[in-house]
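**Q** predicted model, plus sequence, below.
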Amino acid sequence: MTVFDMLIWGGIILTSAGLAGILWCIVSVLRARRAGLDDAAMRARMRVVVAVNMAALAASLLGLMTVVLGVMLGP
């Protein structure tokens, strides 16, 4: 296994973690909407979801960039 293969697999793992975070955000928002929370409770829950969503998107972006870099530089 070359360094570029490890770069690709690391990027795949990072992208998968980001995708799992995005899916968690979707499920969390659907549960919050079905719970019928008042406005203040919904805002508090959405603050957490937005922070996790931004981190998950960043992880997915960095993972995909790592995969592309490994593919372009690899043999």
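**A** Sure thing, it's come through.
**Q** ok, the residue nearest to residue 55 when sequence neighbours are not counted to residue 41 distance?
**A** Leaving aside its chain neighbours, residue 55 sits nearest to residue 21 (6.6 Å; criterion: CB to CB, 6 or more residues apart in numbering). For glycine as for every other residue, the C-beta is placed from the backbone atoms N, C-alpha and C. Distance, residue 21 to residue 41, by CB to CB, to the nearest Å: 22 Å.
**Q** these two: which has the busier surroundings?
**A** residue 21 (18 against 12; other CB atoms under 10 Å).
**Q** which helix or which strand is home to the more buried one?
**A** helix 3-35 (DSSP states H and E).
**Q** after that helix, next one along is what?
**A** Next along the chain after helix 3-35, taking DSSP H and E as the criterion, comes helix 39-73.
**Q** compute the inter-axis angle for that next one and helix 3-35.
**A** With axes from the mean of the first three to the mean of the last three CA atoms, to 10 degrees as the basis, helix 39-73 and helix 3-35 are set at 160 degrees to each other.
**Q** low-confidence regions, this protein specifically.
**A** Nowhere does the chain drop to pLDDT under 70.
**Q** list the buried residues for stretch 30-40?
**A** Neighbour-count burial for stretch 30-40 flags residue 32 (criterion: 16 or more other CB atoms under 10 Å).
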